[in-house]
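In: A predicted structure for the sequence below; I have some questions about it.
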Amino acid sequence: MRYRTGAIAKRLLFIPVAVFIVITLAFGLVNLTPGDPALVIAGDLAADEQVAEIRAELGTDKPVPQRYAAYVRELFTERSLGTSFFTKRPIWDEITQRFPDTLELVVLGLLGAVLYGSLLGTLSSYFRRRWPDTLSRTSVTITQSIPDFFMGLLLIYVIFYIIGWAPAPVGRIGLLDRPPDRVTGAVILDTLIARDWGLLKTAFHHAMLPVVTLALFYSSHFAKTTRAVLSRALNSDQVEFARACGLSELRVVGYAFREARTPVVTYIGILFAALFGGAAIVETVFAWGGLGQWAIDAMLKLDVPAIQGFILVVGLLTLLVYLLLDLIVVALDPRVSYE
């Protein structure tokens, strides 16, 4: 226990260093790449004097070290992520407005990926070298080989356009629907709080295709992990002893599945953090209006404060998730050591 406490303490001490690295990367990746937001704002027909005035207003005419010092000072003294070059709104307000929508999509998509992937992996390992195994591995190969955005477009074409089982990909709810009163910012939760069952059904219908897209694409990670771990567990001496004791196959598989929980939880934590940026293309395809779609729009416009804010928030969220993941893994499996 003392060694685990020491390992966790080392990770806590490393957080300030990691935060400094994330802040520096957020600034450097944006400010050291080609592109001039002043030209985007001014337009192609603007005179050089107008472009120079915009650069001075935005502060992009100053040397990079001076801009970096101002950026860090604003973060720690004013606790501000800056203001958007285009909307003139605080970046923190933009992020907090869109974060709940992305969180809702990530949680639902990841839940579907875990359930479907674990089911495929369990069937594949239990019926190893038989037709369920072949069918499961074929499904994993297909879903893994199709990019997530293309899978989303295929689902739109088949399920919306041809079959008509899903609504048009126009956002969280229909164009003529009135959104619920904002409480959490997540549409599904807010409709539950408002007890608007008709709007809740609409929100679930609009969430169906993007959630299925993420679930299908990322289920392959959990299917392969579950198959590999369960295959070893089902052939272990402990499982043979359990069968010899007359336990049902369902209980035997349940005991074996406990060995897969640590790698599955590890993948959940890793993908949970990664999906806040990785789901951006899916958000754009389905006009989800979340954090990822907003970040892509900011990148296309060269909205420097918005891009910096997105990278910083997602980076800090990743650090937090990985720290919690370490604690959860140690709690699930006392044999794990980080020394």
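Out: Everything's here; your move.
In: and for Gly112, the neighbour number?
Out: Neighbours of Gly112 under the rule other Cβ atoms under 10 Å: 18. The C-beta positions use only the backbone N, C-alpha and C, and glycine is treated the same way.
In: same thing with Leu250?
Out: For Leu250, using other Cβ under 10 Å, the count is 7.
In: same deal with the one 3 residues further on?
Out: Applying other Cβ under 10 Å, we find 16 other residues in the vicinity of Val253.
In: where does the stretch 151-300 of the chain have low pLDDT?
Out: Residue ranges of the stretch 151-300 of the chain with pLDDT under 70: none are present.
In: report the secondary structure element holding the residue most central in space within the chain.
Out: Per Cα atoms, centre = their mean, the C-alpha nearest to the average position across the chain is that of Leu275, at 1.8 Å. Using DSSP states H and E, Leu275 sits in helix 261-278.
In: may I see the buried residues of that helix?
Out: Residues of helix 261-278 classed as buried by neighbour count (16 or more other Cβ atoms under 10 Å): 262-269, 271-273, 275-278.
In: and if you look at stretch 250-257?
Out: In stretch 250-257, counting by 16+ other Cβ under 10 Å, buried: 252-253, 256-257.
In: format the residues you listed as JSON lines; extra columns: secondary structure and distance to Arg178.
Out: Output for those, formatted as JSON lines (DSSP: H, G, I helix; E, B strand; the rest coil; distance: Cβ to Cβ, whole Å):
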{"residue": "Val252", "secondary structure": "helix", "distance to Arg178": "52"}
{"residue": "Val253", "secondary structure": "helix", "distance to Arg178": "47"}
{"residue": "Ala256", "secondary structure": "helix", "distance to Arg178": "50"}
{"residue": "Phe257", "secondary structure": "helix", "distance to Arg178": "44"}
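In: tell me the one among these nearest to Gln50.
Out: Nearest to Gln50, judged by Cβ to Cβ, of the buried residues of stretch 250-257 is Phe257 at 65.0 Å.
In: so what are the domain limits for the chain?
Out: 1-86+301-339, 101-290 (automatic domain parsing).
In: could you list the residues in contact with the next helix or strand after the helix holding Leu275?
Out: Going down the chain from helix 261-278, the next helix or strand is helix 280-285, by DSSP H and E. Contact with helix 280-285 is made by 102, 105, 148-149, 152-153, 156, 169, 210, 213-214, 288-293, 295-296, as judged by Cβ atoms under 8 Å, 6 or more residues apart in numbering.
In: what's the spacing between helix 280-285 and its chain's center?
Out: Helix 280-285 has its C-alpha centroid displaced from the chain centroid by 11 Å (Cα atoms, centre = their mean, to the nearest Å).
In: touching the helix or strand following that helix from outside, list them.
Out: With elements assigned by DSSP H and E, the helix or strand that comes after helix 280-285 is helix 291-301. With Cβ under 8 Å, 6+ apart as the test, helix 291-301 has contacts from 37, 40, 84-86, 94-95, 98-99, 101-102, 276-284, 287, 303, 306-307, 310.
In: which of those count as buried?
Out: 37, 40, 84-86, 94-95, 98-99, 101-102, 276-284, 303, 306-307, 310.
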